[in-house]
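[1] just to be clear, the model below is a prediction. Sequence and coordinates:
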Amino acid sequence: MNLKIETKNDILIIFVREERLDAHNSNDLKTKMQELFAAGTKNILVDLTDVRFIDSSGLGALVSGFKNAISHQGSLKLTSLQPQVKSMFELTRLHRVFEIFGSTAEAVENF
């Protein structure tokens, strides 16, 4: 999986550089978030600008990351959801679980 990781204001930003977040690659994201939280990272922002499609495996990886954040007294937030991805979050009601922002800058300000 193609991930780009940056740090801004003590917030680790994971840019998912894939058009699809699905069963073929979602485990890579899940594993990376587990490693980061275990290493002491407290705040992770996942930027989904490039993701045009997400399935239940992709959603599951993000939910796993969210639970991992809570267990490490941290937080996981999302930004830049494309319309199809946003509709999946609404359909599954996960938009009520995650804090979702329109831009990375807006999300960084809200940590």
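    Yep, it's here.

[2] what's the local residue count around L3?
    Neighbours of L3 under the rule other C-beta atoms under 10 Å: 15. C-betas here are computed from N, CA, C, even on glycine.

[3] same question but for E106, I mixed them up
    Neighbours of E106 using other C-beta under 10 Å come to 11.

[4] N9 too?
    9.

[5] how about the helices in the protein?
    Applying DSSP state H to the chain gives helices spanning 26-38, 56-71, 83-91, 104-109.

[6] format those as TSV; extra columns: distance to N2.
    Converted to TSV, those look like this (distance: least, C-beta to C-beta, whole Å):
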stretch	distance to N2
helix 26-38	9
helix 56-71	14
helix 83-91	17
helix 104-109	17
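
[7] mind checking which of the ones you listed is nearest R17?
    In terms of C-beta to C-beta, the element of the helices of the chain nearest to R17 is helix 26-38, at 11.0 Å.

[8] tell me what the closest one is packed against?
    Here helix 26-38 touches strand 3-8, strand 11-16, strand 43-47, helix 56-71, going by 3 or more C-beta pairs under 8 Å, 6 or more residues apart in numbering; DSSP states H and E.

[9] beta partners for T79?
    Counting by DSSP bridges, T79 forms beta bridges with D47, F101.

[10] among the helices and strands packed on helix 26-38, which is the most enclosed?
    Of the helices and strands packed on helix 26-38, the one with the most neighbours on average (mean count of other C-beta atoms under 10 Å) is strand 43-47, at a mean of 23.

[11] kindly reformat the helices of the chain as CSV containing mean pLDDT and distance to D10.
    Below are the helices of the chain laid out as CSV (pLDDT from 0 to 100; distance: least, C-beta to C-beta, whole Å):
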stretch, mean pLDDT, distance to D10
helix 26-38, 96, 13
helix 56-71, 97, 14
helix 83-91, 97, 26
helix 104-109, 93, 10
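
[12] which one of those lies closest to M1?
    Nearest of these to M1, taken as C-beta to C-beta: helix 26-38 at 3.7 Å.
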